[in-house]
Every structure is written in C-alpha cells, then in structure tokens.
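1. Sequence plus predicted model, see below.
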Amino acid sequence: MIKLNKTYPAPASLSSKECEDTLEQIRKKEANGETVTTKDYGTLYGKEDVRKQLMDDQNNKCAYCESTILHESRHVDHYRPKSIYHELAFKWDNLVGACWACNKDKGKQFPLDDESKRNTIEETPLIINPYTEDPSEYIAFHEEIAVPKKGLQRLQKRKAETTIKLLLENKDLEKRRKEMWQYYTTAKLAYELTNSPCFLDDVQQFTKDNHQYAGMFRNQQ
C-alpha cells in the first residue's frame, strides 16, 4: 500500500441526474422503513469512466494490496461502505479501485476506533485510506510480511493492525509478494557483485509507483 493522489474533476458519470434520482429513491425507502439493498444503487458508480480514472490514478494496481489489476477484474470499492453511508455511494472521494480479493475481504466492514461516533464528524476509521493518508507512516514489512511500523502510538497501531489483518494478511498475496521479493534480492545481489548500472536500474524499478508491491520494497523494517 502506497500513498495515492486522486485526479479531478470527478468522472462525469458520478454527477449524472441518474445518480441523484437513485439516491432520492434510497432516501424514500429509508424514510418508509424499507430495507435498502445493493441492487438499489445499480452500477452507476462502476461506469467505465470511473474505473478508468481510478486505474490511471493507481497505475492499474489495487489501492490496498498493490496487486496488478486486469481489465476484467477492476472493482470499485466504497471506502466507507454504501450499505452504511448511503449518501456517499456516488462520491468520488469515497471510491477506490480494488482487486477482487480486497473488494471481497473488505466488503461491508468498516471498523472505527470508537463505534459510538459512527456517522459523526468525530468518527475515526481503522482502515487506512491510501488517498488521504500515507500508509508508510503506519505499515512496514519484514521481507514479504506486513507489520505495524515500529514506534506507533495506540491509534496508529490499531489502524496498522486492522488494515494488515483485513487487506494485507492473505496467504495468496503473501506468496506473490514473496516471489517478487526473491526477484528483488536476486537483482540486488547482481548489482552488489558487478556494480553494473543496468542491475542498479533493475533494483530501482521495484520502488517505483507503477511496480507491484512498491510499498514492500520502500518500507522494509
């Protein structure tokens, strides 16, 4: 997980009349005590212009785990779940490009430091948002294993632990990170033995924004 920057203006699909009409219907259902389901939102937040802009901002990687996302596997995740925060369903600042696994694992989960403050301006999420926070301030790595950064205060440590458990502590993901770490150590050893600029270029590629798991290579502890 690395720090991301969202481009503006928001995709046109998110400001369509259809989005506002959909939200109005959801408000009416809530007012009538009816259950709001995923189907009520349709697929407006997942239109092609939204997916493309997210993928461009994220270098075609998952915002959470940094795995490369194939075109057919691009999911739009609601950082604050739409099932809880209905009014944020079509808000650009609340949308994140995610792989299938992270979208599934996160799902409707959105733990807070203090659940009594949910839906207030004082609520403090325990899942790191890479668009508004710098994950390197919370998460480090021991080779391919994600760990809380040393020296964190209580809240920071809780955020790191929750994010790691929910999104970065996955056997398949750790296997892929381990394979990438082995490629990295091989390139690094080749450079140390030869001092060749071409091997240095290979090593430096691993920390660039567009490389899978760049956060792992940047934040070893």
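-> Here it is on my side, so go on. Numbers count the residues shown, from 1 in each chain.
2. For this structure, which residues score under the pLDDT cut-off?
-> Counting by pLDDT under 70, the chain shows low-confidence ranges at 71-72.
3. looking at it, which residue lies furthest from center?
-> Thr194 (37.7 Å; C-alpha atoms, centre = their mean).
4. how close does it sit to Val203?
-> 12 Å (C-beta to C-beta, to the nearest Å). No exception for glycine: its C-beta is placed from N, CA and C like everyone else's.
5. can you give me the helices in this structure?
-> In the chain, the helices defined using DSSP state H lie at 17-31, 48-57, 100-106, 154-163, 171-194, 197-205, 214-218.
6. Nearest to Asp134, out of those?
-> Closest of those to Asp134 is helix 214-218, at 10.2 Å (criterion: C-beta to C-beta).
7. buried residues in the closest one?
-> The neighbour-count check on helix 214-218 (16 or more other C-beta atoms under 10 Å) flags 214-218 as buried.
8. ends of stretch 33-44, how far apart?
-> 24 Å (C-alpha to C-alpha, to the nearest Å).
9. Okay, domains of this structure per the record?
-> With domains defined by automatic domain parsing, the chain comprises 12-168, 171-218.
10. Make JSON lines out of those domains and add distance to Ile2.
-> Listed next are the domains of the chain as JSON lines, based on distance: least, C-beta to C-beta, whole Å:
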{"stretch": "domain 12-168", "distance to Ile2": "6"}
{"stretch": "domain 171-218", "distance to Ile2": "5"}
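11. Quick one, which of the ones you listed gets closest to Leu4.
-> Smallest distance to Leu4 across these (C-beta to C-beta): 4.7 Å, for domain 12-168.
12. Just the endpoints, please. Distance across the closest one?
-> One end of domain 12-168 sits 32 Å from the other (C-alpha to C-alpha).
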